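A.B. asks: sequence below, structure please.
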Amino acid sequence: MAVLNLSVLPLPIDNDSADGYNEKESWSQKERFAMEFNEKVHVGATHEVHGAVTEENTAATVGSGSLAVYATPAMAALMERAAAELCAAGCPEGWTTVGTEIAIRHKAATPVGLDVRAVAEVTAVDGRAVTLKVTAYDTREEIGAGTHTRFAVAVQKFMAKAEGKKV
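C.D. replies: I've put the predicted structure just below:
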């Protein structure tokens, strides 16, 4: 089975980055964010999402292979969705998390017609960086596992910086 390791360089944390803070903001604002975020996003927190294997998410259809089995990119997306939803529960208004790294192993093939689920579990929180264990299952067995990292960002500032690339 496939091993997928998609790494993104860490988001820079400086005055011009999309981290949502600048020099003029006090540490107390950062601490308030951390307290609110960490109330729900803490080591041991879990979240589960469900899906189904359809023709649309097979390796043959998405282009990651030639067989009509659950595609590795589809499994990765389900795992990331579980992690994103878990982290979203801890974000104050105007904040979200973005995926910065995922390393997974696809262990077993799943045919069209079976249900799948993914579970995300927080294993570490370091400020606004969250590391999660992600695991995927079909109705018979574990089909994939790995780790995923997310980073909390201020939506407006993050999007302004991203949109600035168009200019």
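
A.B. asks: neighbours of the residue lying closest to residue 147 once chain neighbours are set aside, how many?
C.D. replies: Excluding the flanking residues, the one nearest residue 147 by C-beta to C-beta, 6 or more residues apart in numbering is residue 103, at 5.4 Å. For glycine as for every other residue, the C-beta is placed from the backbone atoms N, C-alpha and C. When neighbours are defined as other C-beta atoms under 10 Å, residue 103 has 16 of them.

A.B. asks: bridge partners for residue 103, pull those for me.
C.D. replies: Listed beta-bridge partners, residue 103: residue 5, residue 147 (assigned using DSSP bridges).

A.B. asks: my guess is it contacts residue 146. True?
C.D. replies: Yes - assessed by C-beta atoms under 8 Å, residue 103 is found in contact with residue 146 at 5.0 Å.

A.B. asks: low pLDDT regions in this protein?
C.D. replies: Along the chain, the model assigns pLDDT under 70 to residues 1-30.

A.B. asks: let's see 90
C.D. replies: Across the chain, residues meeting the criterion (pLDDT under 90) sit at 1-40, 92-94, 127, 167.

A.B. asks: list the buried ones in the longest helix along it?
C.D. replies: Criterion DSSP state H: the longest helix present in the chain is helix 72-88. Going by neighbour count (16 or more other C-beta atoms under 10 Å), the buried part of helix 72-88 is 72-84, 86-88.

A.B. asks: what does stretch 119-133 give?
C.D. replies: For stretch 119-133, by 16+ other C-beta under 10 Å, it's 119-122, 125, 128-133.
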